[in-house]
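Asker: Build me a structure from this.
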Amino acid sequence: YPWQIFFIIITEACERFSFYGMNAVLTLYLVEQFKKTMPTEEAEDLSTVFFHLFKFLSFFTPLFGAALSDSVFGKFRTIFYLSLVYALGQIVLSVGAITIVENYPSLPISFAGIFLIAVGTGGIKPCVVSLGADQFKVPEQKTEMASYFAMFYAS
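Answerer: Next comes the predicted model:
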């Protein structure tokens, strides 16, 4: 079994944990932010719109990630650079959630973080699974590759 596979599986599991963990509370966070400037019902509607826009971007940007990977950077560099964008987005979103400073522009900062996360996660989606598959020697490691795909999608 190629030793690189374990790093790929662990990294993907951490990325998915980060994405779905943030995803679970995003709407609640946006509702609380919007309630500062509008009634609750409007805040809930607007947060739902932005949540779905975020999901759309997360699943649309893999087209650009695949194009970058295939024609510009290659799989490894695309994953590396867009993982940095992803991590920066998580940091920016966290900084946007700061509430101890009065008149702090938390909503624009949060939107910048959400956009970076969507670009980062979408950009690495098409590259990670194929980078792992490239580590195997086929047909000698055909059964190991099948178990890799099972582990990858389970993570």
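
Asker: Could you pull up the mean pLDDT of stretch 24-35?
Answerer: Per-region confidence: stretch 24-35 scores 93 on mean pLDDT.

Asker: And stretch 76-96, how far out from the chain middle?
Answerer: Centre-to-centre, stretch 76-96 and its host chain are 8 Å apart (Cα atoms, centre = their mean, to the nearest Å).

Asker: actually stretch 107-125, not the one I typed
Answerer: For stretch 107-125, the distance to the chain centre is 7 Å (Cα atoms, centre = their mean).

Asker: Tell me which helix or strand in the protein has the weakest average pLDDT.
Answerer: Lowest by mean pLDDT, DSSP states H and E among the helices and strands of the chain is helix 142-154, with a mean of 88.

Asker: Run through who's touching that helix.
Answerer: With Cβ atoms under 8 Å, 6 or more residues apart in numbering as the test, helix 142-154 has contacts from Tyr1, Pro2, Ile5, Ile8, Ile9, Glu12, Val128, Val129, Gly132, Ala133, Phe136, Val138. Where you see a C-beta, it was placed from the backbone N, CA and C, and this is true even at glycine.

Asker: and the fifth one, what is it in contact with?
Answerer: The one in question is Ile9. Ile9 sits next to Gly132, Tyr148, Met151, Phe152, Ser155 when contact means Cβ under 8 Å, 6+ apart.

Asker: wait, the last one sits on Ile8?
Answerer: Going back to what we said before, that points to Ser155. No - Ser155 is beyond contact range of Ile8, at 9.3 Å (criterion: Cβ atoms under 8 Å).
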